[in-house]
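Asker: take this sequence and fold it.
(one chain, ligands or ions: 1)
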Amino acid sequence: MHKGKIIRQGAIAIEDKTIIETGKTHELKSKYGRGYEKIDAKGKVVAPGLINTHQHAAMSLLRGYADDLQLQEWLEKWIWPIEKHMTAHDIYTGALLTAIESIMGGTTTVNTMYHYTPEENEAKAFADAGLRGVIGHVCFSWRKKEDKKALENLAKNWHNKGDGLIHISVDPHAPYTVDPEYMKELKEKREELDQKYGSEKTPIIWHTHIAETTDEQEKIRKAFNIKLKGGVMEYLDSLGVLDERVIAAHCVALTDKDITIMKKRKVNVSHNPISNLKLASGISPVPKMLKKGITVSLGTDSPCSNNTADMFEVMKTAAILHKGINKNPTIMPAEKVLEMATIEGAKALSWENEIGSIEVGKKADLSIISLKKPHLCPVYNEASHLVYAVKASDVETVMINGRLVMENRKLTTLNIKKVMDMVEKAKNNLLSKLNINVK
Ligand SMILES: [Zn+2]
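Answerer: Down below sits the predicted model:
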């Protein structure tokens, strides 16, 4: 993902957390002899770790709990009532499970929006798993005071912490759950926290859902009695909240003017094709946005609207969905989709100075994938395989921040069985609180 270059018979030299050289194996081998641990990746692809730019990690606890419903009914009747009973420990447990699943599928960075709880939380889960992430606290109009306190604590305790693995973000839920005044306040809050805890290299970003469904204007009108004249992006621009440190999930229902505004304000997009299809939200005009030069990255969305954290599935779906709907097989080629899942993801999270490509000076976030499998044989084009043929389970070894977090499919940071037991227990607790009989 560095200038589109593939190095064959290549090697990567890493010291501590950082990539210090890339080149041909025979050259690097003689240079980095004694004192360097070696990993043999012969016959394999070493790829930059995938970057999932939209998740709600803790919601893995609710995977498969309620499917095949309308978005509003799904949220109001099913998800929000059970979430009320989720404890800090539940949130930590769910995020641990997503962290494990992500790592095992070659994803090394996850941007997650959930509720911050001081005792245990998603940030702690990611740090414990050795996963890189941007951890947000989701904000709603009905709990402004609690939100501001949570944001302050999240930033103070976690921004640029966990050996630099964790960044934090300010996350207004959506334009129909956050009133215009609060939107503006949350933009100011981001600036304030950034001044206090961020730096040019480690900025605090703003993560939100925008234009997920076609009736979002109507939802804004109902919630705040505001009648929009144009699109939702145009409305947010009138509030002065859009800039290059905004990552907008979904961006399905956009007007042409919205897209022009996004380009002007350098708004970043997280495209979630599987979630949008599953919830029947519509199809985001991704080729149009790419043509404009907007940064479009990829995300899974939550484990209950996808229902996995598999970024290989997302890459393939993104590629074939837009070809199909546009009746044009030349758009969204494999190389472009791979960029969207790596370097464009890094840009979307304002983290491209450290991640997103295998490049000297960047952090060593890598995955090693064996191609010696029937469904990956023969090899003409590695990018094609990564997007169209590789499965998450083909990822063998994963390094994050120079640390081996999975070696030959064995996690080095956590006990998988123990985490799955914790998840099962959390599920039973939640169901019993809802008075649903547990088998
Ligand atoms: Zn979402």
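Asker: what about the strands in the stretch 301-439 of the chain?
Answerer: If DSSP state E, counting those that start in this stretch is used as the criterion, the strands of the stretch 301-439 of the chain fall at 366-370, 395-400, 403-407, 410-411.
Asker: quick one: closest of these to residue 61.
Answerer: Of all the strands of the stretch 301-439 of the chain, strand 410-411 sits nearest to residue 61, with 19.4 Å by C-beta to C-beta. In this view, the C-beta of every residue, glycine as well, is placed from N, C-alpha and C.
Asker: what does that closest one rub up against?
Answerer: Judged by C-beta atoms under 8 Å, 6 or more residues apart in numbering, the contacts made with strand 410-411 from elsewhere in the structure are 100, 103-104, 405.
Asker: and if we set it to 10 Å?
Answerer: Among residues not part of strand 410-411, those counted as contacts by C-beta atoms under 10 Å, 6 or more residues apart in numbering are 99-100, 103-104, 129-130, 396-398, 404-405, 416, 419.
Asker: please identify the helix or strand for residue 237.
Answerer: helix 232-238 (DSSP states H and E).
Asker: what are the buried residues along that helix?
Answerer: By neighbour count on 16 or more other C-beta atoms under 10 Å, the buried set for helix 232-238 is 232-237.
Asker: so which elements touch that helix?
Answerer: Under the contact definition 3 or more C-beta pairs under 10 Å, 6 or more residues apart in numbering; DSSP states H and E, helix 232-238 sits against helix 180-197, strand 205-210, helix 216-224, strand 246-250, helix 256-265.
Asker: tell me which of these lies nearest to residue 32.
Answerer: Distance to residue 32, taken as C-beta to C-beta, is lowest for strand 205-210 among these, at 35.6 Å.
Asker: so where's the stretch 251-400 of the chain shaky on pLDDT?
Answerer: Counting by pLDDT under 70, the stretch 251-400 of the chain shows no low-confidence range.
Asker: now swap in the stretch 51-200 of the chain and tell me
Answerer: Counting by pLDDT under 70, the stretch 51-200 of the chain has no low-confidence residues at all.
Asker: ok, which stretches of it are helices?
Answerer: In the stretch 51-200 of the chain, the segments counted as helices under DSSP state H, counting those that start in this stretch are 71-73, 80-83, 88-104, 122-129, 144-158, 180-197.
Asker: repeat that for the stretch 251-400 of the chain.
Answerer: In the stretch 251-400 of the chain, the helices defined using DSSP H, counting those that start in this stretch lie at 256-265, 273-278, 286-292, 311-326, 334-340, 343-348, 382-388.
Asker: show me what the last one is packed up against.
Answerer: Meaning helix 382-388. Secondary elements touching helix 382-388 (3+ C-beta pairs under 10 Å, 6+ apart): strand 44-48, helix 311-326, helix 334-340, strand 366-370.
Asker: repeat that for the longest one.
Answerer: Helix 311-326 sits against strand 50-55, strand 107-114, strand 268-271, helix 273-278, helix 286-292, strand 296-298, helix 334-340, helix 382-388, with contacts defined as 3+ C-beta pairs under 10 Å, 6+ apart.
Asker: redo that, cut-off 8 Å
Answerer: Applying 3 or more C-beta pairs under 8 Å, 6 or more residues apart in numbering; DSSP states H and E, we find helix 311-326 packed against strand 50-55, helix 273-278, helix 286-292, strand 296-298, helix 334-340, helix 382-388.
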